[in-house]
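Chemist: no sequence on this one, just coordinates:
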Ligand code: G3D
Ligand code: MG
């Protein structure tokens, strides 16, 4: 299959510093938990190529590397995104409470984008500050999906990105039918 037939999807990672965005991107695109990997400041992206239901898919994962506090530097990267992953750390209530700031910012920039909320660091669940019900009901209220992951162990990390691929395929099929 040629590169032309590749389904391209741009996903942006948002959320407070230290919730695990870079670790999730690294786990997803390279299957590595690189605890020593610190990207340079600025928005960075990583690429994952995979086959999904016989289709070649290329996912660009944009990571707001270390610039969580400088929104003006980030806004241009929202353009063309098909989905947003908004991450918090299940051991940090503060990061959960800040989710709404991220929702407001991203919806202010690109409208009602497909959103997946992620509670990361499930391997630290003994220190959990947010229970599953509270998180799910928040995601419901914000019309997003909810997934809990561990970038450290690779648990449920792929599941975060699959809904975007499925939505893109559905959208594409819809377009084909209309022609
Ligand atoms: P950020 O990109 O959102 O700022 P990072 O977050 O990916 O840089 O991760 C912040 C810290 O959390 C890192 O630890 C990283 O190793 C850790 N981390 C990320 N995901 C997980 C996870 O699923 N489980 C656990 N236990 N830790 C995780 P350091 O010590 O480098 O600050
Ligand atoms: Mg980071």
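Modeler: Everything's here; your move. Keep in mind it's a predicted model, so treat the numbers as computed, not measured. Ligands and ions are numbered 1, 2, ... in the order given.
Chemist: Now for residue 12, how many residues are close by?
Modeler: The number of residues packed near residue 12 is 27, by other C-beta atoms under 10 Å. Every C-beta, even on glycine, is put in place using the N, C-alpha and C of the backbone.
Chemist: Quick check: phi and psi at it.
Modeler: For residue 12, the backbone dihedrals are phi -110, psi 140 (criterion: degrees, to the nearest 10).
Chemist: who's in contact with it?
Modeler: By C-beta atoms under 8 Å, 6 or more residues apart in numbering, the residues touching residue 12 are 62, 64, 77, 78, 81, 83, 84, 85, 106.
Chemist: Can you mark which positions in stretch 7-21 are buried?
Modeler: Within stretch 7-21, the residues scored as buried using 16 or more other C-beta atoms under 10 Å are 9, 10, 11, 12, 13, 14, 15, 16, 19, 20, 21.
Chemist: How far off centre is it?
Modeler: 4 Å (C-alpha atoms, centre = their mean, to the nearest Å).
Chemist: Any part of that stretch near ligand 1?
Modeler: Yes - residues of stretch 7-21 contacting ligand 1 under C-beta under 6 Å from any ligand atom: 17, 18, 19, 20, 21.
Chemist: Which of the residues you listed fall within helices?
Modeler: Of the positions in the residues of stretch 7-21 next to ligand 1, residue 21 sit in helices, assigned by DSSP state H.
Chemist: next helix or strand past the host helix or strand of residue 116?
Modeler: Per DSSP states H and E, residue 116 falls inside strand 114-120. With elements assigned by DSSP H and E, the helix or strand that comes after strand 114-120 is helix 132-141.
Chemist: Quick check: phi and psi at the residue nearest the centre of the chain.
Modeler: When C-alpha atoms, centre = their mean is applied to the chain, the residue found nearest the centroid is residue 85 (2.6 Å). The phi/psi pair for residue 85 (degrees, to the nearest 10) reads phi -110, psi 120.
Chemist: who does it bridge with?
Modeler: residue 13, residue 116 (DSSP bridges).
Chemist: which residues touch it?
Modeler: Per C-beta under 8 Å, 6+ apart, neighbours of residue 85: 11, 12, 13, 14, 24, 115, 116, 118, 160, 161.
Chemist: For stretch 121-131, buried residues please.
Modeler: Counting neighbours by 16+ other C-beta under 10 Å, stretch 121-131 gives 121, 122, 128, 130 as buried.
Chemist: What are the neighbouring residues in contact with the second one?
Modeler: Taking C-beta under 8 Å, 6+ apart, we find residue 122 in contact with 90, 148, 149, 150, 155, 156.
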